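Asker: I'll drop the sequence and a predicted model, then ask my questions.
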Amino acid sequence: MQNSQKVVGSNALDRRQWLSVLAKAPAQEIKAAWARLECAPDGVELRAPETGMVMVRGRVGGAGSSFNLGEMTVTRCAMRLDSGETGVGYAAGRDKEHARIAAIVDAMMQSENLRPLAEQTVVMPLAKAALDRRSLAARKTASTKVEFFTLVTGRQPK
């Protein structure tokens, strides 16, 4: 079955990436990026922001058998811009505004006219901030690394 909705200037992998950036961004960062938009488009709520639960799955050792780790709260929303593009947004927790902004930005990213604005003002700054956070965490982790070694003395046990 083919998807009849075309994502402008993108493929599905690109959309998964920007949806991931929008969903994982801290609420205060996505709201600040949204506030920087000079001309935010209007839209209609197709699915008002609603909060529910999802099951989080894990894998033994990161690659082994899967298991149910537990449930987490997620808020989702669907918006349609006046120009016709439809976007979805998800956010961990109960922040309805975060999910709404993510849905509008997803729709903007699918618009030929609005994509550059959304990409430069919202998505790329959030992606850079996420990369900076991961880099900082990696540096902090690397600074605590302990090298173990065994000293061989050459003496024979008695």
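Answerer: Perfect, I can see it now.
Asker: what about stretch 98-105, average pLDDT?
Answerer: When pLDDT is averaged over stretch 98-105, the result is 96.
Asker: in that stretch, what's buried?
Answerer: 98-105 (16 or more other CB atoms under 10 Å). Glycine gets a C-beta too; all of them are placed from N, C-alpha and C.
Asker: Only alpha carbons, please: show that stretch as CSV.
Answerer: The C-alpha trace of stretch 98-105 is given here as CSV (Å, rounded to 0.1, in the frame of the first residue of the first chain):
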residue,chain,number,x,y,z
HIS,A,98,4.5,20.7,23.2
ALA,A,99,2.5,18.2,21.2
ARG,A,100,0.5,20.9,19.5
ILE,A,101,3.7,22.8,18.5
ALA,A,102,5.3,19.6,17.2
ALA,A,103,2.2,18.8,15.1
ILE,A,104,2.2,22.3,13.5
VAL,A,105,5.9,22.2,12.8
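Asker: lowest average confidence, helix or strand, in this protein?
Answerer: Least confident helix or strand, the chain: helix 12-24 with a mean of 87, by mean pLDDT, DSSP states H and E.
Asker: what comes up buried for that one?
Answerer: Buried residues in helix 12-24, counted by 16+ other CB under 10 Å: 15, 18-19, 21-23.
Asker: Pick the one among those residues closest to Q120.
Answerer: Closest approach to Q120 among the buried residues of helix 12-24 (CB to CB): W18, at 12.5 Å.
Asker: which residues touch the closest one?
Answerer: W18 sits next to 105-106, 109, 119, 123 when contact means CB atoms under 8 Å, 6 or more residues apart in numbering.
Asker: Following element in sequence after the least confident helix or strand of the chain, please.
Answerer: helix 27-36 (DSSP states H and E).
Asker: Are there helices or strands packed against the helix or strand G87 falls within, and which ones?
Answerer: Assessed by DSSP H and E, G87 sits inside strand 86-92. Where contact means 3 or more CB pairs under 8 Å, 6 or more residues apart in numbering; DSSP states H and E, strand 86-92 is packed against helix 12-24, strand 66-81, helix 96-109.
Asker: of all the ones you listed, which lies closest to R36?
Answerer: So among the helices and strands packed on strand 86-92, helix 96-109 is nearest, using CB to CB, at 11.8 Å.
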